[in-house]
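S.K.: Just the structure for this:
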Amino acid sequence: MLQNMQKVNYVFYVVLCVCFCFCNNPSKDDLPPDYQNLKIDCKLIRYDQIIFNGNLHHVSAKIDTLTKQYPGFTTLYFNHLIGIPPNQTEAVFKQFLESYSPIANDINKNFKNFDTYYDQFMDAFKRLRYFFPTYKTPPAIYTYIAPFHSFANFISDDGLGIGLQLYLGNNYFYYNVKEMEAVFPQYLIRKFKPEYMVSDGVQNIIGDLCTNQDRSNTLLLQMMDLGKKKFILKKILPHTPDSIIFGYTQKHLLNLQKEQKNVWAYLIQNNYLYSHDPIVIRDFVGEGPYCTSLSTNLPANIGAYFGYLVVKKWYEQNPQQSLTNLIRIDNQILFNQARFKP
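M.R.: Numbering: from 1, shown residues only. Predicted structure coming up:
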């Protein structure tokens, strides 16, 4: 069963460099070295290579092989990723293989060796096991190729799926053809880079851990949900830059850091934190090219950043708390206890 799916964010040179390092500084790694000894059983399955290797015209035999070797994942792949109608598997799959063969060649050039990414995922899974001992980490990582309009990654009982078709770099030719404009705006294409792959996958797992999110809540409570997830993400990926953690451009991240007091005051003065207005909520926790309510110089989804700052303040005051307890604590109580001021 699919659990989570994502479709597929000055003055002098010396001053700029200092600000860059301050704003984009990865988290301190606070795990003991022996976490590396934790055993994680997770296979790497290059489903993309299995599909596109060999004669692409022997579709029937290929389907039989996939179904026998990877029955659960293959069912998800055909039904949800490619979207093959009943009784049309062979014809539609053949057409897909022929159409995406050039993209498969480009993917093979860029990701022929997946060891670096696999090692990053394994380190992340060990950290997950350390912080969440009872959570079952994915038993496998499946790299696959699906239509561009499909999903970048997903979690199922079979493992974590990674759609390599959406990590070829934002300047990749096929991302910038006219037909893609209706599917992906530029602010999303900007993040179609390999360096986002591990972060995207781990965020999906964190979404599986934090299953109590209620999108009907106030802006504040949604900000706290996002803040918890970003805080955990930084714990799992402590060496990942904040621009990737939050999905902001470096310029937007720098501007938000400089303006956070003013932005927070704006939210308070307009009583937006306790708003249920879907337009207000969209402006501050939705995706987009920039914050439409404030400035083109500030990022969209700034609520995630402030939610993270509140959670960070609370956790500094309660260092004995586990990340499991962090997930469980009521968002309003956490906010009240943190007494956050930027």
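
S.K.: Torsion angles phi and psi at residue 155?
M.R.: Here is the backbone geometry of residue 155 (degrees, to the nearest 10): phi -120, psi 140.

S.K.: So what pairs up with it in the strands?
M.R.: When assigned by DSSP bridges, residue 155 has beta-bridge partners residue 4, residue 160.

S.K.: what about it, distance to residue 73?
M.R.: The spacing between residue 155 and residue 73, counted by C-beta to C-beta, to the nearest Å, is 12 Å. Bear in mind the C-beta positions are built from the backbone N, C-alpha and C, glycine included.

S.K.: next one: residue 237
M.R.: 25 Å.

S.K.: do residue 169 as well
M.R.: Between residue 169 and residue 73 the computed distance is 26 Å (C-beta to C-beta).

S.K.: Return stretch 311-325 as PDB; C-alpha atoms alone will do.
M.R.: As requested, the backbone C-alpha atoms of stretch 311-325 are provided in PDB (Å, rounded to 0.1, in the frame of the first residue of the first chain):
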ATOM      1  CA  VAL A 311      10.700  23.900  17.600                       C
ATOM      2  CA  LYS A 312      14.400  24.500  17.900                       C
ATOM      3  CA  LYS A 313      13.900  26.900  20.700                       C
ATOM      4  CA  TRP A 314      11.600  24.500  22.500                       C
ATOM      5  CA  TYR A 315      14.100  21.600  22.000                       C
ATOM      6  CA  GLU A 316      17.000  23.700  23.400                       C
ATOM      7  CA  GLN A 317      14.900  24.200  26.500                       C
ATOM      8  CA  ASN A 318      14.000  20.500  26.700                       C
ATOM      9  CA  PRO A 319      17.100  18.600  25.600                       C
ATOM     10  CA  GLN A 320      16.100  15.500  27.500                       C
ATOM     11  CA  GLN A 321      13.100  15.000  25.200                       C
ATOM     12  CA  SER A 322      13.200  12.400  22.400                       C
ATOM     13  CA  LEU A 323      12.200  13.100  18.900                       C
ATOM     14  CA  THR A 324       9.400  10.700  19.400                       C
ATOM     15  CA  ASN A 325       8.100  12.900  22.200                       C
END
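
S.K.: List the buried residues for it?
M.R.: Buried residues in stretch 311-325, defined by neighbour count with 16 or more other C-beta atoms under 10 Å: 311, 312, 313, 314, 315, 323.

S.K.: Make CSV from those and add secondary structure to it.
M.R.: Shown next, in CSV, are the buried residues of stretch 311-325 (DSSP: H, G, I helix; E, B strand; the rest coil):
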residue, secondary structure
311, helix
312, helix
313, helix
314, helix
315, helix
323, helix
